[in-house]
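Student: Any chance you could fold what I've pasted below:
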Amino acid sequence: MATSMATSIARFSCTSRLRPRRRGREVARQARKGTEEGAGRKSWDAGRFLSTLLYFNRPPSPGDLVLRVLRSPMELLSGNKQEEGRTKKVVDGVDGRMDLPAGLRGVVLVPGATGGVGKRVVAKLLERGCDVRALVRDAGKAGRMLSDLKGAGKLEIVAADITQEKTLRPEMFQDVSAVVCCTAVKVAPKEGDDEDRSKYYQGIQFYDPEIVGDTPETVEYAGIRSLIRMCQGKLGQANGLVLAGLNEYGKMVGNEWGALDDVVMGGISQSNLNVTLDADTGKKVMLFTGNVSEENNGGFISVRTRNYEPPLDLLPYDGIRLRIKGNGMRYKFIVRTEDGWDTVGYCQSFDTVQGEWQDVDLAFKDFFPTFRAKTMTNGQTLDPSRIYSFQLMLSKFEYDGKLNPSFSSGQVSLPISCISAYMAKPAATWVHVSSAGVTRPNRPGIDVEAEPPAVKLNDALGGILSYKLRGEDAVRDAGMPFAVVRPCALTEEPAGAELVVDQGDTIKGKISRDDVAELCVALLSQPEASSTTFEIKSTVPFSTPWEVDPQNPPPPREWGPLLSGLQKKVTGKTIGGVYTGRQPEDATLSSSS
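Tutor: Next up is the predicted model:
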């Protein structure tokens, strides 16, 4: 027999580089030729072949052409150096990156990096080998303060004002995988202070304080909201990111999916992805259904997304989760990190259980590179920070010519509730340094005179604690994995004292800034503390200085046991006149209703 239509896809990959008009004529010529060559076989639908190609390779619109013309001179002038640098970083750094906690896969942003806690956080991150971007108001001051820090990580200083969102430029958040937020309104002694703020660092109980500069509302609340908006999509969603699913009206959400069947290689199989009613649950679901035939050397059906533009950055996530109702067959899920039509696909197969709803988790680190179902032994590992398309396939073949052991031709269907990116036991990607006492102003039954100065002076200091609490709420409501740290009174004492962790916002005492900074860095790799809010202090009485013998320093701290008992959704807030205490908010409110 003459040349098979199995070469159609290869021909198209070549003709796709032609100019649009020539490309159309060439594809049509190849389709006619393929039909003639296929005489004696099942009728092949050339029109469906062309429709498939055009669906996934749409001709450029007039607007796209204008953008290309305008972009080309700029790319020539710049030499495309930024893209080359980004690609090199991805290729060099992708291996092993997915073994790290999500927050340590990129750059750690530290807003407030010149503050008492912030500068210590920067130092400890650099020592750990993390790349750090210090976001500060005064780049000159930050340079003098931070430039001598040592460590394997790289330090970048950027100047911006979180109270002025227009100063927060997108490039400041590029490659950011975690935020350790150490910003705070400036409190100073009314009688003045020296350049090193010596009186301030002694503690608020030793001076008459006042707010200097921006108000607590703009720094502790509005500024935090601005930072969260700029980080949107970069820090992951603790509950996962929906890639394909149904909204409340039963309509599909996410990128467009289209059929990509064996018609591209001369086959006659057909499939689609639509919405139907599941007989067992009575709820609407997506349905991947079709008729798969081995005629004409075919044998696969699939649905694939159109390319994401810009590509998806799923680096915070650990893999793809499919919620499906199995039919006993083995399927493939394919991820592409290039925008071309016929490119390397990163594959993973999965088995389904007949008639059962199941969650299938496909870890990014388990995908392997293939090209036209042949394994690439020298291929790069999957880089989830630049994903262009997804594909779900049922095929007669596995890889390298091996057969799918559970394949059968005919009519098949696979109900799908949701396709999402998931985070497996995520540690915090946003660590927020707040303050003990934020829930105590106006709490029913509290003796304000017995509380620390900040609680007593909350109103006089512009509602400093109240706005810190609102900033916390903004972090908790944003959806990313977080940890809100509420230290008691901060001191300049060395680290190493015995510490106590509590929830419900009742404890009083002191804690070293060094200990708080160490805790903040540790939280980026402590899943047990993810999505929690807690207070922390040392066991050393306030009136007793804590000192460390340089010849006999404390051993390295194990944070896991200290943080292991924390509960999610505990804030210590008063809601509707009810103090929630050490109980989760929803449990307290339901018991009081």
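Student: The stretch 151-300 of the chain: helices as residue ranges?
Tutor: Secondary structure of the stretch 151-300 of the chain by DSSP state H, counting those that start in this stretch: the helices cover 198-202, 216, 223-230.
Student: contacting residues for the closest residue in space to Glu547 that isn't next to it in sequence?
Tutor: Ranked by CB to CB, 6 or more residues apart in numbering and with sequence neighbours excluded, the top spatial neighbour of Glu547 is Pro494, at 7.2 Å. The way it works is simple: take the backbone N, C-alpha and C, and place the C-beta from them, glycine included. Contacts for Pro494 (CB atoms under 8 Å, 6 or more residues apart in numbering) come out as 512, 514, 546-548.
Student: Out of those residues, which is nearest to Pro369?
Tutor: Asp514 (45.5 Å; CB to CB).
Student: does that closest one sit in a helix, a strand or a coil?
Tutor: Look at Asp514: counting by DSSP: H, G, I helix; E, B strand; the rest coil, its state is helix.
Student: That one: neighbour count?
Tutor: 21 (other CB atoms under 10 Å).
Student: Thought Val121 was touching it, still the case?
Tutor: No: Asp514 is not in contact with Val121 according to CB atoms under 8 Å; the separation is 10.3 Å.
Student: about what we covered before: how about a markdown table for the helices of the stretch 151-300 of the chain, with distance to Lys374, mean neighbour count and mean pLDDT added?
Tutor: Listed next are the helices of the stretch 151-300 of the chain as a markdown table, based on distance: least, CB to CB, whole Å; neighbours: other CB atoms under 10 Å; pLDDT from 0 to 100:
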| stretch | distance to Lys374 | mean neighbour count | mean pLDDT |
| --- | --- | --- | --- |
| helix 198-202 | 64 | 15 | 67 |
| helix 216 | 61 | 24 | 96 |
| helix 223-230 | 43 | 21 | 98 |
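Student: Is it possible to get a markdown table of the ones you listed that adds distance to Val475?
Tutor: Output for these, formatted as a markdown table (distance: least, CB to CB, whole Å):
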| stretch | distance to Val475 |
| --- | --- |
| helix 198-202 | 25 |
| helix 216 | 16 |
| helix 223-230 | 7 |
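Student: Can you verify Lys425 is assigned to a strand?
Tutor: No: counting by three-state DSSP, Lys425 falls outside a strand, being coil.
Student: Tell me who's in contact with it.
Tutor: Lys425 makes contact with 527, 530, according to CB under 8 Å, 6+ apart.
Student: Apply 6 Å and report the result again.
Tutor: Pro527 (CB atoms under 6 Å, 6 or more residues apart in numbering).
Student: one step back: compare the contacts of Pro494 and tell me which has the most neighbours.
Tutor: Counting neighbours by other CB under 10 Å, Ser512 leads the contacts of Pro494 with 23 neighbours.
Student: Can you give me the pLDDT of that one?
Tutor: Note for Ser512: predicted pLDDT of 97.
Student: correct me, but it touches Glu493?
Tutor: Yes: with contact defined as CB atoms under 6 Å, Ser512 counts as touching Glu493 (4.6 Å).
Student: quick one: contacts for Asp505?
Tutor: 439, 572.
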